[in-house]
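Asker: A structural model of the following input is requested.
(one chain, ligands or ions: 1)
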Amino acid sequence: MNTDQFLVKSELKHIDTASFTWQTPSNIALVKYWGKSNPQISKNASISFTLNNCHTITTIDFSKKQNSELVSEFNRTVDFDLFFEGKQKEEFKPKIAEFFRRVEEYCPYIFDYKMTINSENSFPHSSGIASSASGLSAIAMCLMSLEKEINADLSADFINKKASFLARLGSGSASRSIEGPLVVWGKHPAIEGSSDLFGIQFPYKVHSVFENYQDAILLVDEGEKQVSSTIGHNLMHNHPFAESRFLQANENLAKMAKILQEGDIKSFVNLVESEALTLHAMMLTSNPYFILMKPNTLEIINKIWEYRQENNSNICFTLDAGANVHVLFPESEKLNVLQFIDSQLSKFCQKNHYICDTVGFGAKKL
Ligand code: DP6
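Answerer: Now for the predicted structure:
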């Protein structure tokens with residue numbers, strides 16, 4: 001694998017201070033990433049819709065350290081303060097410090113600056129919506145903005161690739177939060193240009209039925225997950241069904257690529273729901289086993305199936321590693337589906353809370 005392309009090779013310009021703000025989205029996988037090897041390489045390729053309204057906004061202020069503040073290569077540390085929604089957040093620091101450790105080889109300039117990170121999410125922090133994808137992709141974009149200032153030769157394509165590469169080292173799914181509306185991460189023979197190292201935009205023309213696709217996120221359980229994704233991924237080592245699951249996911253990605261191009265929405269519904277339930281089946285059959293769905297998750301799924309049957313609708317659901325339900329539907333059904341959610345599904349959500357989102361186009365510089 002050619003990780004060398006992401007090393008900084010040229011002489012860097014001296015810049016005393018800089019500040020960049022990026023808004024980066026969350027994403028929802030259609031074919032799921034579940035199981036990885038070191039360093040953050042997925043066992044199978046995955047594809048996701050980039051979201052629009054669920055995002056993180058992050059500003060990083062960089063200020064160059066004085067010579068006296070720089071320490072030798074052997075005991076240097078990355079120097080940063082972290083504020084979340086205006087408040088200093090010591091408890092979030094270890095995850096970000098680990099991210100910087102993983103990317104320092106590719107971004108050696110981070111040792112030269114004192115960084116102040118200010119971050120906020122458009123969705124409630126405790127909503128159970130994973131913030132690592134949007135959070136880490138925003139930091140990655142800010143680092144790439146600095147890299148561009150000190151090394152002006154970088155193309156827009158390289159910046160996106162490297163940002164996705166860096167974000168992946170923080171959280172696998174974050175590699176799919178730089179571009180949109182559909183991103184593939186993981187090398188796959190049916191997807192030209194795909195890579196295990198970074199996400200790429202789905203490279204083929206997508207049928208108009210999938211344009212502006214809708215995602216209503218039903219917040220069934222607004223709380224910390226009992227089992228983190230990282231632990232869940234690890235349980236795929238020695239999992240009795242792991243190898244067949246990885247093969248199946250890659251086959252499903254090939255099917256999905258065809259479905260998206262042909263606009264075969266019935267097959268889309270079938271494949272997306274099967275992927276969601278298979279992800280949770282992997283959790284149910286891990287050792288130790290665990291369940292992230294809640295009774296209301298199942299209530300909602302059953303109601304969606306009833307509604308689809310009765311209305312000849314193309315509504316479907318997907319799940320990530322939690323109890324919340326993502327309800328996916330074409331824009332043409334928006335009015336009816338939102339009425340259905342309001343009258344029949346919102347009662348299964350904590351405080352009747354759900355978020356209406358649509359497919360989006362990726363990171364934005366503010
Ligand atoms: C179920 O990307 O959160 O959402 O790489 O350990 O940070 P780490 O895991 P993470 O896993 C996401 C898993 C998933 C499926 C998906 O998004 O593909």
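Asker: Contact partners for Asp16?
Answerer: 63-64 (Cβ atoms under 8 Å, 6 or more residues apart in numbering). (C-beta placed from N, C-alpha, C; glycine too.)
Asker: go on, Leu146?
Answerer: Leu146 neighbours (Cβ under 8 Å, 6+ apart): 15, 18, 20, 60, 62, 109, 113.
Asker: And it, how far from Val8?
Answerer: Using Cβ to Cβ, to the nearest Å, Leu146 is found at 11 Å from Val8.
Asker: Name the residues contacting each of those two.
Answerer: Residues within reach of Leu146 and of Val8 at once, by Cβ under 8 Å, 6+ apart, are Tyr109.
Asker: Identify the residues contacting His233.
Answerer: Residues near His233 by Cβ under 8 Å, 6+ apart: 34-36, 172.
Asker: Mind doing that once more with 10 Å?
Answerer: By Cβ atoms under 10 Å, 6 or more residues apart in numbering, the residues touching His233 are 33-37, 40, 42-43, 172, 282, 321.
Asker: Same question for Lys364.
Answerer: Lys364 touches 21-25, 55, 57, 141, counting by Cβ under 10 Å, 6+ apart.
Asker: any idea which of the residues you listed is closest to the ligand?
Answerer: Distance to the ligand, by Cβ to the nearest ligand atom, is smallest for Pro25 among these, at 12.9 Å.
Asker: is it true that the closest one touches Ala138?
Answerer: Yes - between Pro25 and Ala138 a contact is recorded at 9.4 Å, counting by Cβ atoms under 10 Å.
Asker: what sits in contact with each of those two?
Answerer: In contact with both Pro25 and Ala138: 55-56, 177-178, 363, using Cβ under 10 Å, 6+ apart.
Asker: Pick the one among those residues closest to the ligand.
Answerer: Of all those, the ligand sits closest to Ser177, with 9.8 Å by Cβ to the nearest ligand atom.
Asker: Work out for me the element the closest residue to that closest one other than its chain neighbours sits within.
Answerer: Spatial nearest neighbour of Ser177, excluding adjacent residues (Cβ to Cβ, 6 or more residues apart in numbering): Ser137 at 3.8 Å. Per DSSP states H and E: Ser137 is located in helix 132-150.
Asker: Show the average pLDDT along that helix.
Answerer: Helix 132-150 shows a mean pLDDT of 96.
Asker: Report whether that helix contacts the ligand.
Answerer: Yes - for helix 132-150 and the ligand, the contact criterion (Cβ under 6 Å from any ligand atom) is met by Ser132.
Asker: With only the CA atoms kept, save the helix or strand that comes right after that helix in PDB.
Answerer: Using DSSP H and E, the helix or strand that follows helix 132-150 towards the C-terminus is helix 156-170. The C-alpha trace of helix 156-170 is given here as PDB (Å, rounded to 0.1, in the frame of the first residue of the first chain):
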ATOM      1  CA  ALA A 156      -7.600  19.900  -4.400                       C
ATOM      2  CA  ASP A 157      -7.800  16.200  -5.200                       C
ATOM      3  CA  PHE A 158      -4.700  15.400  -3.100                       C
ATOM      4  CA  ILE A 159      -6.100  17.400  -0.200                       C
ATOM      5  CA  ASN A 160      -9.400  15.400  -0.100                       C
ATOM      6  CA  LYS A 161      -7.500  12.100  -0.400                       C
ATOM      7  CA  LYS A 162      -5.100  12.900   2.300                       C
ATOM      8  CA  ALA A 163      -7.800  14.300   4.600                       C
ATOM      9  CA  SER A 164      -9.800  11.100   4.200                       C
ATOM     10  CA  PHE A 165      -6.600   9.100   4.800                       C
ATOM     11  CA  LEU A 166      -6.000  11.000   8.000                       C
ATOM     12  CA  ALA A 167      -9.600  10.900   9.200                       C
ATOM     13  CA  ARG A 168      -9.600   7.100   8.600                       C
ATOM     14  CA  LEU A 169      -6.700   6.800  11.000                       C
ATOM     15  CA  GLY A 170      -8.900   8.400  13.700                       C
END
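Asker: May I see the buried residues of helix 156-170?
Answerer: Applying a neighbour-count criterion of 16 or more other Cβ atoms under 10 Å, one finds 159-170 buried in helix 156-170.
Asker: Between Pro25 and Ala138, which is the more surrounded one?
Answerer: Taking neighbours as other Cβ atoms under 10 Å, Pro25 and Ala138 compare with Ala138 leading, 33 against 29.
Asker: OK, contacts around the closest residue to that one other than its chain neighbours?
Answerer: Residue nearest to Ala138 in three dimensions, not counting chain neighbours: Thr58, with 3.7 Å by Cβ to Cβ, 6+ apart. Going by Cβ under 10 Å, 6+ apart, Thr58 touches 20-24, 84, 117-121, 134-142, 366.
Asker: tell me the secondary structure for Thr58?
Answerer: Under DSSP: H, G, I helix; E, B strand; the rest coil, the three-state class of Thr58 is strand.
Asker: quick one: it from Ser171, how far?
Answerer: Distance from Thr58 to Ser171, counting by Cβ to Cβ: 14 Å.
Asker: got the CA positions of the helix holding Ser137 in PDB?
Answerer: Output in PDB follows, covering the C-alpha atoms of helix 132-150 (Å, rounded to 0.1, in the frame of the first residue of the first chain):
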ATOM      1  CA  SER A 132     -16.500  10.600  15.400                       C
ATOM      2  CA  ALA A 133     -17.000  10.600  11.600                       C
ATOM      3  CA  SER A 134     -17.800  14.300  11.400                       C
ATOM      4  CA  GLY A 135     -15.500  15.300  14.300                       C
ATOM      5  CA  LEU A 136     -12.400  13.700  13.000                       C
ATOM      6  CA  SER A 137     -13.000  14.600   9.400                       C
ATOM      7  CA  ALA A 138     -13.300  18.300  10.400                       C
ATOM      8  CA  ILE A 139      -9.900  18.100  12.200                       C
ATOM      9  CA  ALA A 140      -8.400  16.400   9.200                       C
ATOM     10  CA  MET A 141      -9.600  19.200   6.900                       C
ATOM     11  CA  CYS A 142      -8.200  21.900   9.200                       C
ATOM     12  CA  LEU A 143      -4.800  20.100   9.200                       C
ATOM     13  CA  MET A 144      -4.900  19.900   5.400                       C
ATOM     14  CA  SER A 145      -5.700  23.600   5.200                       C
ATOM     15  CA  LEU A 146      -2.500  24.300   7.300                       C
ATOM     16  CA  GLU A 147      -0.500  21.900   5.100                       C
ATOM     17  CA  LYS A 148      -1.700  23.800   2.000                       C
ATOM     18  CA  GLU A 149      -0.500  27.100   3.500                       C
ATOM     19  CA  ILE A 150       2.900  25.800   4.300                       C
END
